[in-house]
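*Asks:* quick one: sequence and predicted model below, then my questions.
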Amino acid sequence: MVQLLFEDIFILQRLDPDGKKFDKVTRIEAKSEQFDMYMQLDINTEIYPMRVGEKFTMVLAPTLNLDGTPDSGYFLQGNRKTLTDKFEYVMHGKLYKISEDSSSGQAAKVEIYASFGGLLMMLKGDPSNASNFELDQRLFLLIRKV
């Protein structure tokens, strides 16, 4: 069984908060339901369009193999089942920064930054939700609309 690094249902709140920068990419802002996490994520909306108010499940996993075996670095398409079969949009990337934000005067929040071939993600929330993450960790981001 795959050990997921993070999983929650998000509600899309805003599109391109800093204005549209690229034709085929949209930066989304979303808030999670269960863990109260805030996320900014770049999505290729030419192949996976999203609208404000939509709910989606977002998963971060270290491997696509259902038995949890480490990823080889190659995606071999075949008849075997993988985690991708349960999702509509998948990206592979690397976690490049973990930092704490205590500037708001409230409880400290952790910020997790990952890059998926130049499409960026920032996940911000309670530090207890970041215990499974390591710097330079390779991971998969998987999305399915609810």
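*Replies:* Sure thing, it's come through.

*Asks:* so the closest residue to residue 129 other than its chain neighbours, which of the three states?
*Replies:* Nearest-residue entry for residue 129: residue 35, 5.3 Å, with adjacent residues in sequence omitted and distances by Cβ to Cβ, 6 or more residues apart in numbering. For the C-beta atoms, the positions are set from N, CA and C on the backbone; glycine is no exception. Following DSSP: H, G, I helix; E, B strand; the rest coil, the label given to residue 35 is coil.

*Asks:* what score does residue 35 have for pLDDT?
*Replies:* Listed pLDDT for residue 35 reads 94.

*Asks:* ok, it to residue 16 distance?
*Replies:* Here the criterion is Cβ to Cβ, to the nearest Å. By it, residue 35 lies 25 Å from residue 16.

*Asks:* quick check: the residue nearest to residue 129 vs residue 85, distance?
*Replies:* Computed with Cβ to Cβ, the distance linking residue 35 and residue 85 is 25 Å.

*Asks:* next, the buried residues of stretch 90-101.
*Replies:* For stretch 90-101, the buried set under the neighbour-count rule, 16 or more other Cβ atoms under 10 Å, comprises 90, 91, 93, 95, 98.

*Asks:* chain center to the helix or strand where the third one lies: distance?
*Replies:* Using DSSP states H and E, residue 93 falls within strand 89-101. Average the C-alpha atoms of strand 89-101, do the same for its chain, and the two points are 7 Å apart (Cα atoms, centre = their mean, to the nearest Å).

*Asks:* C-terminal to it, what's the next element?
*Replies:* In the C-terminal direction, the helix or strand that comes right after strand 89-101 (DSSP H and E) is strand 109-116.

*Asks:* burial check on the nearest residue to residue 34 once chain neighbours are set aside, number of neighbours?
*Replies:* Of all residues not flanking residue 34 in the chain, residue 8 sits nearest, at 5.1 Å (Cβ to Cβ, 6+ apart). Residue 8: 21 surrounding residues under other Cβ atoms under 10 Å.

*Asks:* which residues does residue 8 contact?
*Replies:* Residue 8 is in contact with 32, 33, 34, 35, 37, 57, 58, counting by Cβ atoms under 8 Å, 6 or more residues apart in numbering.
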